[in-house]
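**Q** heads up, no residue letters with this:
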């Protein structure tokens, strides 16, 4: 029975899908097909009530504009949405059969609506929707996109105030001949420009470059007789922030610098972007630091920028002083923010092509030389990032010993035997963690934990973390005598923190192990730089067992061996960026489980998020 035909139930929740969809015939059809949620429909209906809007085409546009940011889109393109929209459903849905308005008529109806402001010029219009050609934005996202582009351009066109002294000798001394050309270019860009971007994949030396940029900036300030720069290190997540701080301190210990610069580097503390910008009482979307109360820092360095959404970038760039430096660090090939936008990829844009050139790219340097994992994994990552399916398949079979490809679907019956290498590695890794944990060797247990990780695209289902965690636990129970997995705090249990705990200094994504304590009670051990943090398991907040984790959660981490279990080829979340992120989690060895059809589907399916930031920065067609 269709939702539109469901009898009214007066006591039903006003946000209930059936009641929301029944309000409008067109919206009911789209909700019934799974394209619109109850919230999309309800918000569109409420907006229509406020202005007396009766056009179903306008309501459909409004509902799709509300839907967009939930899926990562900044706007909905009315001219293409019919062909590009998709739903996650066990049964195929023919979306072309839905009552889509003709694009020209649709745009005209929206342009005439009191809900919609049209064009870029009417900045004072107090309307919830903004129409640019066939692109329909929620007004908030249009304003944020426009503002981010303007603020980045304002920073990009400014040269920083630096001394006339040639810094090339100091740069050569700092790098000690170990830097490649791109790293030197990145350092000089950060010194001479107010906006700099250090982009590149894992192992290309991004955080190493950050530490040396800070040292060079401090040296340049001293050469001018100025005070040392006030520097902020930040990242979108607590885990990423902690790792940025650790990496900078590790590099500082290797640098040949004076005591004052060394002290500056070792004294740097990193925070989340939310903590840097400061909490504003009574607001979930605004911060203490904004355009009217700028950050005090001379230099703001943001790592893992690929995870920064459009809204968070808008809050950041408005808070940076016009005379300060903003240095963005990250990998544009990785998975983007779970919220709206693909900000880093938009900013880097065609700078991935050396022939590009506009005001923005003068401060953008893409690092390419991989210093960490082997050539086979690097070749595979390059093929995936380049969207070359044939080269990807060739790379999967071209580096035996470094890349192992099992071209099977883990959900198909009878493939268990084909996964013996995954089982063997998972059990060996689990035994190593257990042995060191029982011995009370926390550092060894954490190192054993980092040597192997099983990565899944989904959290649940036959391809998901929950299912494969249970499988690994069963394998271990068969292999290890007296292992009681029913005990919540058993010695050897690998832990994944799933919620920030600022009191303990643990962050979402941190991993630890429960080890035998010096007394009768075990302790949960985590690593922070060169130090071990020990807590009673009873003090921990939200944690789960981490024999497997999602590829999303693995961002910012690497493991000696990563075993990646790909979903089916028709999985909605299977993309080029997901595969690239998964592959580049492996330092030394990659085990990839997935059919050739799935691999090719992923490579051919880049994340297609609707965003206008790239065009605003680089111009049409770039």
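**A** Happy to help now that I have it. Bear in mind that the values here come from a model prediction, so they are computed numbers and not experimental data.
**Q** Dihedrals phi and psi, the residue nearest to residue 48 when sequence neighbours are not counted?
**A** Closest residue in space to residue 48, ignoring its immediate chain neighbours: residue 59 at 5.4 Å, by C-beta to C-beta, 6 or more residues apart in numbering. Placement of C-beta: from N, CA and C, glycine included. The phi/psi pair for residue 59 (degrees, to the nearest 10) reads phi -60, psi -40.
**Q** okay, the residue positioned nearest the centre of the chain: pLDDT?
**A** For the chain, residue 307 is the residue whose C-alpha lies nearest the centre (C-alpha atoms, centre = their mean; 3.1 Å). At residue 307, the pLDDT value in this model is 88.
**Q** you'd agree it is up against residue 332?
**A** No - using C-beta atoms under 8 Å as the test, residue 307 is too far from residue 332 to be in contact (11.5 Å).
**Q** hmm, who's touching stretch 288-303?
**A** Stretch 288-303 has contacts (C-beta atoms under 8 Å, 6 or more residues apart in numbering) with 206-207, 210, 213-214, 217, 229-236, 240-241, 243-244, 270, 273, 276-280, 308, 315-316, 318-321, 324-330.
**Q** Next step: the residues you listed restricted to strands.
**A** Members of the contacts of stretch 288-303 lying in strands (criterion: DSSP state E): 231-235, 270, 325-330.
**Q** Identify the farthest-apart pair in these.
**A** Greatest spatial distance in these: 231 and 330, 17.9 Å, computed using C-beta to C-beta.
**Q** Just want to know which of these two has more residues nearby.
**A** residue 330 (26 against 22; other C-beta atoms under 10 Å).
**Q** could you list every residue that touches the residue nearest to residue 195 when sequence neighbours are not counted?
**A** Among residues not flanking residue 195 along the chain, residue 155 sits closest, at 3.9 Å (C-beta to C-beta, 6+ apart). By C-beta under 8 Å, 6+ apart, the residues touching residue 155 are 194-195, 317, 320, 322, 326.
**Q** Closest one of the residues you listed to residue 542?
**A** residue 317 (31.8 Å).
**Q** number of nearby residues for the closest one?
**A** The tally of other residues near residue 317 (other C-beta under 10 Å) stands at 21.
**Q** State the pLDDT value of it.
**A** pLDDT, residue 317: 95.
**Q** Next: residue 235.
**A** With respect to pLDDT, residue 235 scores 91.
**Q** what's around it, how many residues?
**A** The number of residues packed near residue 235 is 28, by other C-beta under 10 Å.
**Q** Start the count at 45 instead of 1 going forward.
**A** Shifting the count to begin at 45 puts that one at residue 279.
**Q** coming back round to it: show me which of the contacts of stretch 332-347 are buried.
**A** Neighbour-count burial (16 or more other C-beta atoms under 10 Å) applied to those gives 250-251, 254, 257-258, 261, 273, 275-280, 284-285, 287-288, 314, 317, 320-321, 352, 359-360, 362-364, 368-374.
**Q** before we move on, the earlier item: and which of the ones in strands among the contacts of stretch 332-347 is nearest residue 112?
**A** Using C-beta to C-beta, those come closest to residue 112 at residue 374, 23.4 Å.
**Q** which ones are touching that closest one?
**A** Taking C-beta under 8 Å, 6+ apart, we find residue 374 in contact with 243, 250, 346-351, 388.
**Q** switch the cut-off to 7 Å
**A** 243, 347-350, 388 (C-beta atoms under 7 Å, 6 or more residues apart in numbering).
**Q** Identify the residue spatially nearest to it, adjacent ones excluded.
**A** Take residue 374 and drop its neighbours on the chain: the residue closest to it by C-beta to C-beta, 6+ apart is residue 349, 3.6 Å away.
**Q** hang on, the one you found packs against residue 370?
**A** No - applying C-beta atoms under 7 Å as the test, residue 349 and residue 370 come out as separate, 10.3 Å apart.
**Q** quick one: common contacting residues for these two?
**A** Counting by C-beta under 7 Å, 6+ apart, no residue touches both residue 349 and residue 370.
**Q** Strands along the stretch 95-244 of the chain, start to end?
**A** Ranges of strands within the stretch 95-244 of the chain are 119-121, 160-162, 173-176, 179-182, 239-244, based on DSSP state E, counting those that start in this stretch.
**Q** The second one pairs with which strands?
**A** I take that to be strand 160-162. Here strand 160-162 is paired, per DSSP bridges, with strand 173-176 (parallel).
**Q** distance between the strand it pairs with and the chain's centre?
**A** Centroid separation for strand 173-176 versus its chain: 28 Å, with C-alpha atoms, centre = their mean, to the nearest Å.
**Q** so where's this structure uncertain?
**A** For the chain, the stretches with pLDDT under 70 are 45-68, 132-136, 202-223, 327-329, 396-405, 414-418, 457-461, 563, 573-574, 664-666.
**Q** mind listing the strands for the stretch 545-666 of the chain?
**A** Using DSSP E, counting those that start in this stretch, the strands of the stretch 545-666 of the chain run over residues 555-559, 567-572, 575-579, 587-589, 592-594, 603-609, 630-637.
**Q** wait, I meant the stretch 345-494 of the chain
**A** For the stretch 345-494 of the chain, the strands defined by DSSP E, counting those that start in this stretch occupy 369-374, 408-411, 447-450.
**Q** mind giving me CSV with the ones you listed and columns for distance to residue 475?
**A** Putting the strands of the stretch 345-494 of the chain into CSV (distance: least, C-beta to C-beta, whole Å) gives the following:
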stretch, distance to residue 475
strand 369-374, 36
strand 408-411, 38
strand 447-450, 20
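**Q** of the strands of the stretch 545-666 of the chain, which approaches residue 181 most closely?
**A** Of the strands of the stretch 545-666 of the chain, nearest to residue 181 by C-beta to C-beta is strand 592-594, at 30.3 Å.
**Q** Remind me what that closest one packs against, helices and strands.
**A** Here strand 592-594 touches strand 496-500, helix 509-523, going by 3 or more C-beta pairs under 7 Å, 6 or more residues apart in numbering; DSSP states H and E.
**Q** Of the ones you listed, which stretch is the most buried?
**A** Neighbour counts (mean count of other C-beta atoms under 10 Å) averaged over each of the helices and strands packed on strand 592-594 peak at strand 496-500, with a mean of 26.
**Q** That strand versus helix 509-523: what angle between them?
**A** 140 degrees (axes from the mean of the first three to the mean of the last three C-alpha atoms, to 10 degrees).
**Q** Strand 496-500 pairs with which strands, and in what direction?
**A** strand 592-594 (parallel), strand 603-609 (parallel).
**Q** most packed of the ones you listed?
**A** Ranked by mean neighbour count, with mean count of other C-beta under 10 Å as the criterion, those are topped by strand 603-609 at a mean of 24.
**Q** ok, back up a step: quick one: contacts for the residue nearest to residue 92?
**A** Contacts of residue 103 (C-beta under 7 Å, 6+ apart): 68, 71, 88-89, 92, 97.
**Q** Name the member of those with the most neighbours.
**A** That'd be residue 88 among the contacts of residue 103, by other C-beta under 10 Å, with 29 neighbours.
**Q** Wasn't that one part of a strand?
**A** No - using DSSP: H, G, I helix; E, B strand; the rest coil, the secondary structure at residue 88 is helix, not a strand.
**Q** still on that earlier bit, which residues touch the residue nearest to residue 374?
**A** 372-374, 388.
**Q** Tell me how far it lies from residue 146.
**A** Distance, residue 349 to residue 146, using C-beta to C-beta, to the nearest Å: 40 Å.
**Q** re the thing from before, which stretch among the strands of the stretch 545-666 of the chain comes nearest residue 430?
**A** Residue 430 lies closest to strand 630-637 among those, at 17.4 Å (C-beta to C-beta).
**Q** Direction included, what does that closest one pair up with?
**A** strand 447-450 (parallel), strand 603-609 (parallel).
**Q** now the helices for the stretch 45-194 of the chain?
**A** Taking DSSP state H, counting those that start in this stretch as the criterion, the stretch 45-194 of the chain carries its helices at 61-66, 69-76, 82-95, 100-114, 125-128, 147-155, 183-200.
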